[in-house]
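Novice: Need a 3D model of the sequence below.
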Amino acid sequence: MPSTKLLRTYTIIGAFFLVALFWAGPALGRVYLDITATELRKVPMAVPYFIDKTASSNPLPAGKEMADIMSRGLSFHGFIKVEPPDRYQGRQDSDWQGLGVDFTVLGQYKITANDIVLELRLINLAEGRMLLGRRYRGKISKNREMILKFCDEIILSLTGQRGISRTQISFVSDQSGKKEIYLADVLGDNIRQVTHHHDLAVSPRFSPNGKRLAYTSYHHGNADLYITNLTQKLTTRPISRRKGLNMAPAWAPDGKSMVLTLSKDGSPDLYQINTRGVILRRITANAGINVSPNWSPDGKQLAFVSDRSGKPQIYVMEMKNKHVRRLTYEGIYNTSPSWSPQGDKIAYTGDYQGNYNIFMISPQGGPSTRITRSWGSHEAPSWSPDGNQLVYTRTRNDEKKICAIFKNGKWMRELFKMNGNQSFPQWSPEPSK
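Specialist: Predicted coordinates for the structure are as follows:
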């Protein structure tokens, strides 16, 4: 005879699948977790194989693959421990409480011609109720997007912040033999080469809506600035081909302009241009070398690097009146500032005992916090759109790879398995809902 716990689980699942009208409003309940807390216990969760409603009870390869996508999307956020399906044969009628999981994600699907209907539910096992439910319909080719969209809503239900499993990372790689710009989703399932200049391309920067990518390429013999439209078959146009550097653009939060480094008049200085390349104003002048601009989220301030004090340090400018103040005083070499989406922290690269590390500091100044502590050099940080993680370049034994880490210094891991070197990553904005 089945145990009482198992019968209760069957009842929950049966009620779940008998719902005729799929609820699509706000979550019925939320458990807000501080996922960067030092002593956070990972939430145990199960994602059994999705079931084809028109097939036998045995899971098909498609159902296993979709459950795996959901599992990896949830695990990427760092605070969820997905139980391996081998522990319970991937069955949706398992004894979840006996397995010690708190939540389970149950999925059913139906495929007709080129379309799929996907029904997903998040079940709170302790309370025996559904926390979240969605029904998606679309092309089979879009099933991954549907799954990860639900994944991000699960994260929202548990933390109060939408998940980031559908975001992308742009970076430089020499996998093709030349340094070109690449684009990958955060799970590493879809890595594609964006530029094909067969020359050096650097400094990729996403527009605020994530639909355009600005970068610098040397394929015409000069460091010229280009913009690629990522939604229109990678259409590319030049923006600035001024003599010398046209380097490291920083998009304004409204997407209508950007600040970059130009050296057309000799010393590298910061200029603001519109998206057609017209200079709107000069930002810095006659104060050393000025590079690596990065806007505050509200567009009122600009962090940048200057050697005006003798060594590269990070400064902050009030864009309204151009008032400049020095931000970093610890260390003799600080560069690559990256403003957090919440505006409360600036991550940057700093020299520490002969190696580069990632540091974090308040925009108002004060003491910094070292984030990276493992061996090797760690450079060029970029924030995740939820402000919880950083992506950066790690160098070990002259090999460069893209790594991610939480802002509390926990769970550092390499993201992409690729040949060659990868460097200078940029995390995309959150995709549209």
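
Novice: any weak-confidence spans in the chain?
Specialist: 1-40, 56-57, 234, 433 (pLDDT under 70).

Novice: Toward the C-terminus, what is the element adjacent to the longest helix seen in it?
Specialist: When the chain is parsed with DSSP state H, its longest helix is helix 143-159. Sequence-wise, the next helix or strand downstream of helix 143-159 (DSSP states H and E) is strand 168-173.

Novice: So what touches that following strand?
Specialist: 179-186, 193-194, 201-202, 204-206, 210, 213, 382, 391, 402, 415, 418, 420-428 (C-beta atoms under 8 Å, 6 or more residues apart in numbering). The C-beta positions use only the backbone N, C-alpha and C, and glycine is treated the same way.

Novice: Based on its surroundings, how many neighbours for Y182?
Specialist: Residues within reach of Y182, counting by other C-beta atoms under 10 Å, total 23.

Novice: And the contacts of strand 168-173, which of them are buried?
Specialist: 179-186, 194, 201-202, 204-206, 210, 213, 382, 391, 402, 415, 418, 421-428 (16 or more other C-beta atoms under 10 Å).

Novice: where exactly do the helices run in the protein?
Specialist: Assigned by DSSP H, the helices in the chain fall at 4-17, 61-75, 96-99, 143-159.

Novice: elements contacting the last one?
Specialist: If I follow you right, that is helix 143-159. Applying 3 or more C-beta pairs under 8 Å, 6 or more residues apart in numbering; DSSP states H and E, one finds that helix 143-159 contacts helix 61-75, strand 103-112, strand 115-124, strand 129-139.

Novice: To D86, which of these lies closest?
Specialist: helix 61-75 (11.3 Å; C-beta to C-beta).

Novice: before we move on, the earlier item: quick one: which of the helices of the chain is nearest L106?
Specialist: Taking the helices of the chain one by one with C-beta to C-beta, helix 4-17 is closest: 6.1 Å.

Novice: these two touch, right, M317 and N290?
Specialist: No: with contacts counted by C-beta atoms under 8 Å, M317 stays clear of N290, the gap being 9.7 Å.

Novice: what touches both of those two?
Specialist: Contacts common to M317 and N290, judged by C-beta under 8 Å, 6+ apart, are 283-284, 304.

Novice: For the residues you listed, which ChimeraX command selects only the ones that are buried?
Specialist: Here is the ChimeraX selection string for the buried members of the shared contacts of M317 and N290, based on 16+ other C-beta under 10 Å:
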select :283,284,304
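
Novice: Inside strands: which ones of the shared contacts of M317 and N290?
Specialist: Members of those lying in strands (criterion: DSSP state E): F304.

Novice: can you put the shared contacts of M317 and N290 in CSV and add distance to K139?
Specialist: Formatted as CSV, these follow (distance: C-beta to C-beta, whole Å):
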residue, distance to K139
I283, 46
T284, 49
F304, 44
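
Novice: Pick the one among the shared contacts of M317 and N290 closest to A62.
Specialist: Checking the shared contacts of M317 and N290 against A62 by C-beta to C-beta gives F304 as the nearest, at 49.5 Å.

Novice: Could you find the closest non-adjacent residue to that closest one?
Specialist: P293 (4.6 Å; C-beta to C-beta, 6 or more residues apart in numbering).
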